[in-house]
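Engineer: No sequence on hand, only this structure:
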């Protein structure tokens, strides 16, 4: 059985980066130049900074990861700068373990973190061509709310968001 925990300083960023490479290889094979396809461990660390990274572990191996970040002051994706919106990045599950609930559990931990931190929405983005991911995210309650063309990317991303608290959402919108 896997467990989910916060990334620790003793965890290997090289191992985490290799997990990202493996999980994003299918997307890279589709011609989509996601950063996680080939980023260095230094880029992995930069993308974790300012957020909370969680990992799924199975038999001492990292098999899943996600980073959740608070509302951005500035970002190419305007939706990520909306008050009350936290964002998910670097979301990955080892290819051989996908479809077993690890990704869902990682997102639930992010939703809990965001709720505890006072955020009313959790947003993410993925390439429009990644229809399998869009289908997964919508099945988990994330709805398309915007789109973004990231600098240097050959694809356009759909932004999906899930309302975590109607009460918090009404306070932010009022």
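Structural biologist: Nice, I can see it. Nothing here was measured: the structure is a model prediction, and the numbers come from that model.

Engineer: Give me the mean pLDDT for the lengthiest helix in the chain.
Structural biologist: Longest among the helix segments of the chain by residue count, using DSSP state H, is helix 13-29. For helix 13-29, the mean pLDDT works out to 97.

Engineer: Identify each buried residue in that helix, please.
Structural biologist: 13, 16, 17, 19, 20, 21, 22, 23, 24, 27 (16 or more other CB atoms under 10 Å). Bear in mind the C-beta positions are built from the backbone N, C-alpha and C, glycine included.

Engineer: List the contacts of the fifth one.
Structural biologist: Looking back up the chat, that one is residue 20. 36, 39, 44, 65, 90, 92 (CB atoms under 8 Å, 6 or more residues apart in numbering).

Engineer: How about the second one?
Structural biologist: Counting by CB under 8 Å, 6+ apart, residue 16 touches 7, 41, 44, 55, 62, 65.

Engineer: want to throw these into JSON lines with neighbour count, distance to residue 135 and secondary structure?
Structural biologist: As requested, the contacts of residue 16 are exported to JSON lines (neighbours: other CB atoms under 10 Å; distance: CB to CB, whole Å; DSSP: H, G, I helix; E, B strand; the rest coil):
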{"residue": "7", "neighbour count": "17", "distance to residue 135": "28", "secondary structure": "coil"}
{"residue": "41", "neighbour count": "15", "distance to residue 135": "31", "secondary structure": "helix"}
{"residue": "44", "neighbour count": "24", "distance to residue 135": "27", "secondary structure": "helix"}
{"residue": "55", "neighbour count": "23", "distance to residue 135": "25", "secondary structure": "strand"}
{"residue": "62", "neighbour count": "19", "distance to residue 135": "26", "secondary structure": "strand"}
{"residue": "65", "neighbour count": "28", "distance to residue 135": "21", "secondary structure": "strand"}
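
Engineer: now those as TSV including pLDDT and distance to residue 77?
Structural biologist: Shown next, in TSV, are these (pLDDT from 0 to 100; distance: CB to CB, whole Å):
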residue	pLDDT	distance to residue 77
7	98	23
41	98	24
44	98	20
55	98	24
62	97	27
65	98	20
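
Engineer: now for those residues, which pair is the farthest apart?
Structural biologist: 41 and 55 (14.4 Å; CB to CB).

Engineer: helix/strand/coil for residue 162?
Structural biologist: strand (DSSP: H, G, I helix; E, B strand; the rest coil).

Engineer: That one touches residue 145, doesn't it?
Structural biologist: No. Residue 162 is beyond contact range of residue 145, at 9.6 Å (criterion: CB atoms under 8 Å).
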